[in-house]
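> Please find the sequence and the predicted model below.
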Amino acid sequence: MCTHTHLLNTQTHTINTHHRHIRTHNTNTHSFYYTVTADGLYLVVCVCVCVCVSGLQRQEYALKIIDKAKCSGKEHLIANEVSILRRVRHPSIIMLIEELDTPTELYLVMELVKGGDLFDAITCSTKYTERDASAMLFNLTGALRYLHRMNIVHRDIKPENLLVCEYPDGTKSLKLGDFGLATVVEGPLYTVCGTPTYVAPEIIAESGYGLKVDIWAAGVITYILLCGFPPFRSEKNQQEELFEQILLGKLDFPSPYWDNISDSAKDLIGKMLQVDVGDRYTADEVLEHCWVKDETAMDTNMVCEMEDSVESENTHNNTGADAEVDHLHDQSWQ
């Protein structure tokens, strides 16, 4: 296992290989190899391989390298994310293994999950059923119940932040990541942030919100998991129209997409997508619902319908309403 002392005493070398930026750190006991897999506005995401000098241990991790020079004025937000990651330990939450703070960069060594994000897993599956969707919601809501009991709200629940962990026996589970917008709830929150498709009505209304915005987002995801498109969307791909639909909260289950979906699934989604926060389910109530407890979820293969719907929805959302996500995130950085 990597330690702070080892990392602090490393020697760093940088090379370029086939346009991939490789960085190595060497200590008396370990070698660390960092391969850049994504380069964002202020951070780099890598795969980190930790190898014992003796050759007896080789462990892979995910690594986020945050460039401090590009985060001027946002230091408190980075510190908030790290402080929350230090506190959380749950099977359905991606774990922070350790961190290294240097004058120019912050290194976060994270648990590595290789199964891709939620929608990638669905479109690559040969079989996908209601029971699979129910199991995914069980994983997500278990993580939310854990966070909410600590008064932590995630505020950015979306498929891209749900990674699929694949086990040797072929089973899969979801893990929640990206705590960049997470915060401790000590009273009503008013910061407008999140991703438009999944944002709760009380965030849009700026009337003050709390933990249940995560339940709304989970409800939207569950709806998409069962039909391939979101419950509220703008036909013209305009954010203002999308927000009007969310505020109205008129929920439909159109034919033929929902014809073969169980009534219990529809009932649960309706309870999660209540505009009135007082009527909306808590994480505990979601987990107690018969559909999540796998008592009523159907086992019919939906993979062909889902592939077509998800691919169509991804194309639909490449521009327009969800293109404003950065605008929402920017407001949260103020």
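Noted; the coordinates are in hand. On a predicted model such as this, the values are computed, not experimentally measured, just so you know. Residues are numbered from 1 along each chain as shown.
> Chain neighbours aside, what residue packs nearest to the residue positioned nearest the centre of the chain?
In the chain, the residue lying closest to the centroid (Cα atoms, centre = their mean) is Asn161, at 1.8 Å. If you skip the residues right next to it in sequence, Asn161 has Asp178 as its closest partner in space, 4.4 Å away by Cβ to Cβ, 6 or more residues apart in numbering. For glycine as for every other residue, the C-beta is placed from the backbone atoms N, C-alpha and C.
> tell me the secondary structure for that neighbour?
Counting by DSSP: H, G, I helix; E, B strand; the rest coil, the backbone at Asp178 sits in coil.
> now Ile221
Under three-state DSSP, Ile221 falls in the helix class.
> now swap in Trp258 and tell me
Assignment for Trp258 (three-state DSSP): coil.
> Next, the contact list for it, please.
Residues in contact with Trp258, defined by Cβ atoms under 8 Å, 6 or more residues apart in numbering, are 226-227, 266.
> what does the lengthiest helix in the chain contact?
Among the segments of the chain that qualify as a helix by DSSP state H, the longest is helix 130-149. Taking contacts as Cβ under 8 Å, 6+ apart, the residues outside helix 130-149 that touch it are 88, 90-93, 118, 125, 153-154, 157, 162, 173-176, 182, 211, 214-215, 218, 221-222, 225-226, 261-262, 265, 282-284, 286-287, 291-292, 294, 297-300, 302.
> which of the residues you listed count as buried?
Burial of the contacts of helix 130-149 was assessed by neighbour count (16 or more other Cβ atoms under 10 Å); the buried members are 88, 90, 92-93, 118, 125, 153-154, 157, 162, 173-176, 182, 211, 214-215, 218, 221-222, 225-226, 261-262, 265, 282-283, 286-287, 291-292, 297-298, 302.
> neighbours around Cys124, how many?
As a burial measure, Cys124 scores 13 neighbours (other Cβ atoms under 10 Å).
> Not counting sequence-adjacent ones, nearest residue to it?
If you skip the residues right next to it in sequence, Cys124 has Gly116 as its closest partner in space, 7.3 Å away by Cβ to Cβ, 6+ apart.
> Which stretches in this protein count as helices?
Under the criterion DSSP H, helices of the chain are mapped to 4-8, 75-87, 118-123, 130-149, 201-205, 213-227, 239-248, 263-272, 283-288, 303-316, 325-332.
> averaging pLDDT over each of those helices, which comes out lowest?
Set side by side, the helices of the chain give their lowest mean pLDDT on helix 4-8, at a mean of 31.
> Let me see the domain layout of this structure.
In terms of domains, the chain is parsed into 4-110, 118-332 (source: automatic domain parsing).
> which of these is buried the deepest?
Highest mean neighbour count among the domains of the chain (mean count of other Cβ atoms under 10 Å): domain 118-332, with a mean of 18.
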